[in-house]
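Peer 1: using only what follows, build the 3D model:
(2 chains)
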There are 2 protein chains.
Amino acid sequence: MTQVGSDHASSVTDDRSSWEVMQALLARGDVPALERYLQRLPSSETVRAVFRLSPEEQEKLLTLLPPERAADLIDDVPDTQAAELLDNLDPEEAASIVSEMQSDEAADVLAEMDRDDAEEILSLMDADEAADARQLIDYDPDTAGGLMITEFLSYPQSTYAADVVRDIGTRPGDYPLYYLQHIMVTGPGGRLLGSVGLSDIAFAGPGATLGEVAAPVDAVEAEMALEQLEEFFDARDTPVSPVTDGHGRLVGALRRRSVYDALAEKAEASYLKSQGIVGGDEFRSMPLAVRSGRRLSWLIVKIVLNMLSASVIALYEDTIAAAFALAVFLPIVSDMSGCSGYQAVAVSMREMALDIIKPSDVARVLVKEVALGLVTGTVLAVVLGGVAWAWKGNPWLGAVVGAALAANTLIAVGIGGVLPLLMKRLRLDPALAAGPVLTTITDTGGFFLVLSLAQLVLPALSG
Amino acid sequence: MTQVGSDHASSVTDDRSSWEVMQALLARGDVPALERYLQRLPSSETVRAVFRLSPEEQEKLLTLLPPERAADLIDDVPDTQAAELLDNLDPEEAASIVSEMQSDEAADVLAEMDRDDAEEILSLMDADEAADARQLIDYDPDTAGGLMITEFLSYPQSTYAADVVRDIGTRPGDYPLYYLQHIMVTGPGGRLLGSVGLSDIAFAGPGATLGEVAAPVDAVEAEMALEQLEEFFDARDTPVSPVTDGHGRLVGALRRRSVYDALAEKAEASYLKSQGIVGGDEFRSMPLAVRSGRRLSWLIVKIVLNMLSASVIALYEDTIAAAFALAVFLPIVSDMSGCSGYQAVAVSMREMALDIIKPSDVARVLVKEVALGLVTGTVLAVVLGGVAWAWKGNPWLGAVVGAALAANTLIAVGIGGVLPLLMKRLRLDPALAAGPVLTTITDTGGFFLVLSLAQLVLPALSG
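Peer 2: Numbers count the residues shown, from 1 in each chain, chains lettered A, B, ... in the order given. Next up, the predicted model:
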């Protein structure tokens, strides 16, 4: 798919990777070949290639391409990067590209830019388009208003069928299917009355008005949150729903795919945060200082938490000095408890996602996890305690290590199971918060339990 | 939404949670009230309530409800649990419920049951439906064949438009919209020729044949994998696509929503595995022995890995005895490096998901991560080394701890960045494999670096 084959550009394709081909075509300024090449490139390859170009080459690429091709390209790139690409362009150039983008995409990208830069681009756009984009930017991005598009067909109920057919005929083509199957019909004050398909209009005869043929349609409100939108589309087969404001006025159209894309993006953001990418999106093409700064914003928090946990160890110098083997088991007990806790977190996250548990089910989850923790904690304690005993031939060492692991496992699964529920109740992101809180507790607990139990039986350990 | 209000069942609703209401209605055997109650309950509440009922109550519920209501309910429940619910029923009863389910749902649930139990239910179903279900079960669940449904309208090209309209009129109602908008047209040997909407057929006049009005349609192949299906639907707006076998024969219909649901499920499965739920799905309603066994299947692997890492510490007894403070810093160095490594894993997972990097980009990712590791490693080393120095007033301790953390951070981000790419190349799940491999390396590396560096300067440390 990356081979251009027999056409004009073939002399520069050969074995080279797609970004090198683009680089060569850019250097030659061969716009027609570049356009043809991009059209044949799968969008995944395009994204990779654009990321490999230098900022100057990226700028040249977007300037050389016709605005609608440049808009396609910007569409494929993640929003934060797209904003950066546009930022590097001449505002006139950027405005003509943004004008060619789907309204929701345009709003998403503009929302990622500085307010002033975005305003400059908007001021150079068609006034209607700019007003639409401003409205979309103002909605919370995870609501119907933030996800909707403003490209849809809508006519007042008094419009004659023949006029609709004629009007649609005058518009430039290339509508998606749903566009013609879901023509919105409005009543007084722009209130949504219903929807109708183009074929139904044609059926109805030229003298009928839209008000006569429109069928009632379910709509979502602009303020509705992502979870409600998911439920709405899960319960219906429609690819698109009208969006109304608080007064029932038609303000946009929400596509099913926009909702699913937003859900996937949200899940991904949670995953990134849970893995310690909390300072904002990162791409390896960003400057090293930005990447390092963002990663450090989390690592510095984490190292402070780690030092707090480990300070427990410092309190027990004499104990470790008397029984060196404890130093070997400290990290094992802490780490294993953390691992048990993560499992409980994951099961709670899943049961919450499937609506099997709610934040109010804390007591029930706790009972279930404590029962499980007694079993898994005992098994792990026997394994680790057995190894400790066998290694040093000291049953007391085995007892201390085993008892500490059993107790800390119980704490870990109990807390791990209920933490996501509590976080949700506090309106925090459960995926983000569960990690550091949990490990700090399991680390501290593990160190403390091993060392304090050891101190109780120190003569037997050091003997 | 959970209040039934003024109707017959209101006497048992009041302040009780929905599962208690269902329990009471079941105890009274009041089927009409139960049906009404379930219809008003949001599906999330239904799932929660069913999970809270005892197995006997669940059985009673499914037996009392008409099969189509029971099928709706089974649809809302995750597949593994749905399989268990059906397993507990009389096979006749189960067969009549499965017959009412959408073909893909039915196949998913039957695939979760023992082959013999599933066969028993299939043998009691209508022969055609059973054959469809068997075919779906045989496809890999993450392909078009495994995700498609067999409920769709299809006619040979020679069928007259009038006959199609008449035939559709005789079928029991309640089709989703796409069903009538995407009527498939087949040629010789059942090969897919195109598709047509009901309104186009009606337009065409009674004497036209489907072959004359059908428009070409893009189809997916039954063997196509989830990633390709995602690309297919991303590039199109259609809510449904025909599915063909290797010979171009029409075998099913694939809905866009099925593809997105499968993608979401796959992402979730990856998340669960990455958090240590590897023994299979877990619900807290499962027996304790099953839950404990599944969690232990991973914890036992993990404890062995932990003991291997910690065994490094055992080799350096004298070093720790001479400089106790090392015991405090061992877990910090290991844990912080693991944390840095996870960040690199997350960025690679994301860039892979966005098609910005491919498995062949190992060298480029490594260069980027090493550059970043030098910066973050140095910063973290200064922080931790500074604390170590200040605590014990010994610059050598700070140097050992700092150098070990810097070096281990470099190793962690390098390995963390490329591991997902290597895993993908080896066709392993990157999310699953990166965790244990990475932590075992960062733990072992951390312990080894701290202690071996310490040994080099032992006189200065213990002095």
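
Peer 1: shouldn't A:L366 be in contact with A:L419?
Peer 2: No - with contacts counted by CB atoms under 8 Å, A:L366 stays clear of A:L419, the gap being 10.9 Å. From N, CA and C alone the C-beta is placed, and that goes for glycine too.

Peer 1: which of the two has more residues huddled nearby?
Peer 2: For A:L366 versus A:L419, neighbours defined as other CB atoms under 10 Å in any protein chain shown are more numerous around A:L419 (25 against 17).

Peer 1: element containing that one, please.
Peer 2: Assessed by DSSP states H and E, A:L419 sits inside helix A:395-425.

Peer 1: buried residues, that helix. List them.
Peer 2: A:396-424 (16 or more other CB atoms under 10 Å in any protein chain shown).

Peer 1: likewise for stretch A:100-107?
Peer 2: Neighbour-count burial for stretch A:100-107, counted by 16+ other CB under 10 Å, picks out A:100-101, A:103-107.

Peer 1: still on that earlier bit, what packs against the helix holding A:L419?
Peer 2: Judged by 3 or more CB pairs under 8 Å, 6 or more residues apart in numbering or on different chains; DSSP states H and E, helix A:395-425 is in contact with helix A:325-353, helix A:362-392, helix A:430-456, helix A:458-462.

Peer 1: which of those sits closest to B:I149?
Peer 2: For those, proximity to B:I149 was assessed by CB to CB; helix A:325-353 is nearest, at 24.1 Å.

Peer 1: next, the angle from that closest one to helix B:325-353.
Peer 2: Per axes from the mean of the first three to the mean of the last three CA atoms, to 10 degrees, the angle that helix A:325-353 makes with helix B:325-353 is 30 degrees.

Peer 1: now helix A:325-353: buried residues?
Peer 2: So helix A:325-353, judged by 16+ other CB under 10 Å, has buried residues A:325-352.

Peer 1: pretty sure A:I415 sits against A:G341.
Peer 2: Yes - A:I415 sits in contact with A:G341 when judged by CB under 8 Å, with a separation of 6.4 Å.

Peer 1: which neighbours do these two share?
Peer 2: Counting by CB atoms under 8 Å, 6 or more residues apart in numbering or on different chains, the shared contacts of A:I415 and A:G341 are A:438, A:441.

Peer 1: could I get the buried residue list for stretch A:230-239?
Peer 2: A:230, A:232-233, A:237-239.

Peer 1: check the offset of it from the chain's centre.
Peer 2: Counting by CA atoms, centre = their mean, to the nearest Å, stretch A:230-239 is centred 20 Å from the centre of its parent chain.

Peer 1: report how far apart the opening and closing residues of that stretch are.
Peer 2: Terminal residues of stretch A:230-239 lie 12 Å apart, using CA to CA, to the nearest Å.

Peer 1: and it with chain B, contact?
Peer 2: Yes - if you take CB under 8 Å from any CB of the partner chain as the test, stretch A:230-239 does meet chain B, through A:231, A:233-234, A:237-239.

Peer 1: out of those, who's nearest chain B?
Peer 2: A:D237 (4.0 Å; CB to the nearest CB).

Peer 1: what does the residue lying closest to A:Q455 once chain neighbours are set aside show for phi and psi?
Peer 2: Closest residue to A:Q455 apart from its sequence neighbours, by CB to CB, 6 or more residues apart in numbering or on different chains: A:T319 at 5.0 Å. Backbone torsions for A:T319, taken as degrees, to the nearest 10, come to phi -60, psi -50.

Peer 1: so A:T319 versus chain B, what's the distance?
Peer 2: 10 Å (CB to the nearest CB, to the nearest Å).
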